[in-house]
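*Asks:* Show me the folded form of this:
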Amino acid sequence: MRIHFIAIGGAAMHNLAVALQQKGDIITGSDDEIKEPSRSRLAAHGLLPEKMGWFPEKLNNEIDIVILGMHARPDNPELQEAKRLGLKICSFPEYLFQQTRDKMRVVISGSHGKTTITAMVLYVLHKMNIRFDYLIGAQVEGFDAMLSLNEETRIAIFEGDEYLTSVIDKRPKFHIYQPHIAVISGIEWDHIDAFPTFENYIEQFRTFSQMIERDGKLIYPEGDEQIMQLTESIREDITDMPYHTPEYSIEGGVTTLKTKYGEFPLKIFGEHNMQNIDAARLVCRQIGVKDVDFYEAIATFKGLPGRMEKIAEGTDTAAYYDMAHTPSNVKVSIHALKAQFPGRKVIACLELCSFSSLSSGYLPQYRNSLNEADAAFVYFNPNVHCYKHRIPITEEMVKEVFGEKVTVFTDNIKLMDRVSLEKMQNTNLLFMTSGSFSGMNMAGFAKNLLKKG
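*Replies:* Here you go, the predicted structure:
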């Protein structure tokens, strides 16, 4: 088939383009900007557009499908030409569903934890030599790509993103997949540009739960108030399966799972990750993996890049980078470090850079989120408001929400200068951001700082 990608440089889009080329399809694509690692991967497969921009002349009647990325605007010239020619246009979630509609689909969703749970499932199934299709928003150890499709597989594991599908399809992506096994790992208001109220956001997960295939399974954390209310209205044919925090211990900076099959020292830590493990175990059990085999495999799982990733280490110090950006993510990340290393203080640096976090209406959600840190700093770039088209938040607003304990910066150099004054003995330094602190070399800065002690 001949397939053209509009906005081929997206994280999911470029992975799908590569996967389809490897299947034998003829792939073309365009984008107005392609960043790393998408750029290098597309170039390695001969799929990087010769020029950046939109070129309607690439569209013709020989193209079988046009796959439209979320990055494309409604007035995109290539989209308009595709419509004029009457070409079949679909989003990548629609395409994935069509390719896997005869397979058992597992969709792992939630405001937090979904990428890690998906990665755990992929990692264990791979260790068990079980073949499957998959989509995930991170690079997993043992996998060359973040997406794979194969005609011979009978299982598809998808990370279920709740953000909108495309400019011509305003459904959340995870509404399209219609899972046989669904996971909702937690519900915390996010993406306020698409879901302006918490009630509207919750409704997307309620709709998702109703789109589970007949006689399907819904896996969720026991005790989550929002999800418990949601499960009260699920169809009678759906089996609800709550997961828990398994028994574990921490000694010498190592977390050990305690199971009826024995004890399993882990490479990861944090109570939230223990819950993620239990969710992944239930998913794998539905696929046919025995619990004992799951525990043996998950014990070697090292986590994901950007998820409590150690970027520097000293004798009694370490620095971590975590993509925590929602209020609950911030809380659990700090708590995880305090629990894992009870004798060490935690210096927390949080960047506000998402659409939600830079919104005055959402900002109060962060109240008390940094309280457990021994020293805390918050950074935001006021110029980001220009392209996010938001009413600017101010240092005073941020200070009022986070409290007197927190120092607020709008200059990343001043932030680094201030953090450098901290004594680092017996300390963990934690960077939390879905961005980069405006281009800060976090690893380099941390390594130099830990050397000073």
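*Asks:* what pLDDT, on average, does the helix or strand containing residue 276 get?
*Replies:* Per DSSP states H and E, residue 276 falls inside helix 271-287. Across helix 271-287, pLDDT averages out at 98.
*Asks:* ok, which stretches of the stretch 301-450 of the chain are helices?
*Replies:* Assigned by DSSP state H, counting those that start in this stretch, the helices in the stretch 301-450 of the chain fall at 327-340, 384-388, 395-402, 412-419, 442-452.
*Asks:* winner for burial among the ones you listed?
*Replies:* helix 327-340 (a mean of 21; mean count of other CB atoms under 10 Å). For the C-beta atoms, the positions are set from N, CA and C on the backbone; glycine is no exception.
*Asks:* Columns mean pLDDT and distance to residue 273 on top of the helices of the stretch 301-450 of the chain, output as JSON lines?
*Replies:* Shown next, in JSON lines, are these (pLDDT from 0 to 100; distance: least, CB to CB, whole Å):
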{"stretch": "helix 327-340", "mean pLDDT": "96", "distance to residue 273": "8"}
{"stretch": "helix 384-388", "mean pLDDT": "55", "distance to residue 273": "30"}
{"stretch": "helix 395-402", "mean pLDDT": "96", "distance to residue 273": "25"}
{"stretch": "helix 412-419", "mean pLDDT": "98", "distance to residue 273": "26"}
{"stretch": "helix 442-452", "mean pLDDT": "93", "distance to residue 273": "21"}
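*Asks:* Just say helix, strand or coil for residue 79.
*Replies:* Judged by DSSP: H, G, I helix; E, B strand; the rest coil, the three-state class of residue 79 is helix.
*Asks:* Double-check it against residue 6; I have them as touching.
*Replies:* Yes - contact criterion CB atoms under 8 Å: residue 79 and residue 6 qualify, at 5.9 Å.
*Asks:* list residues touching both of the two?
*Replies:* Common neighbours of residue 79 and residue 6 are listed as 66, 68, 72 (criterion: CB atoms under 8 Å, 6 or more residues apart in numbering).
*Asks:* for residue 112, what are its contacts?
*Replies:* 185, 186, 188, 272, 326, 328, 329.
*Asks:* again, only using 7 Å
*Replies:* By CB atoms under 7 Å, 6 or more residues apart in numbering, the contact set of residue 112 is 185, 186, 188, 326, 328, 329.
*Asks:* Then residue 430?
*Replies:* 320, 322, 333, 334, 337, 346, 347, 348, 349.
*Asks:* Look up how far residue 136 lies from the residue nearest to residue 286 when sequence neighbours are not counted.
*Replies:* Of all residues not flanking residue 286 in the chain, residue 181 sits nearest, at 5.2 Å (CB to CB, 6 or more residues apart in numbering). Per CB to CB, to the nearest Å, residue 181 is found 16 Å from residue 136.
*Asks:* and what of residue 32?
*Replies:* Relative to residue 136, and taking CB to CB, residue 32 is found at 26 Å.
*Asks:* same question, residue 72
*Replies:* Residue 72 is 23 Å from residue 136, by CB to CB.
*Asks:* ditto for residue 350
*Replies:* From residue 350 to residue 136 the distance is 25 Å (CB to CB).
*Asks:* out of these two, which sits in the busier spot?
*Replies:* Higher neighbour count among residue 350 and residue 136: residue 350, with 30 against 25, using other CB atoms under 10 Å.
*Asks:* Run through the residues that contact the more buried one.
*Replies:* 330, 370, 378, 432.
*Asks:* Just the residues you listed: which are in strands?
*Replies:* In this view, those that belong to strands under DSSP state E are 378, 432.
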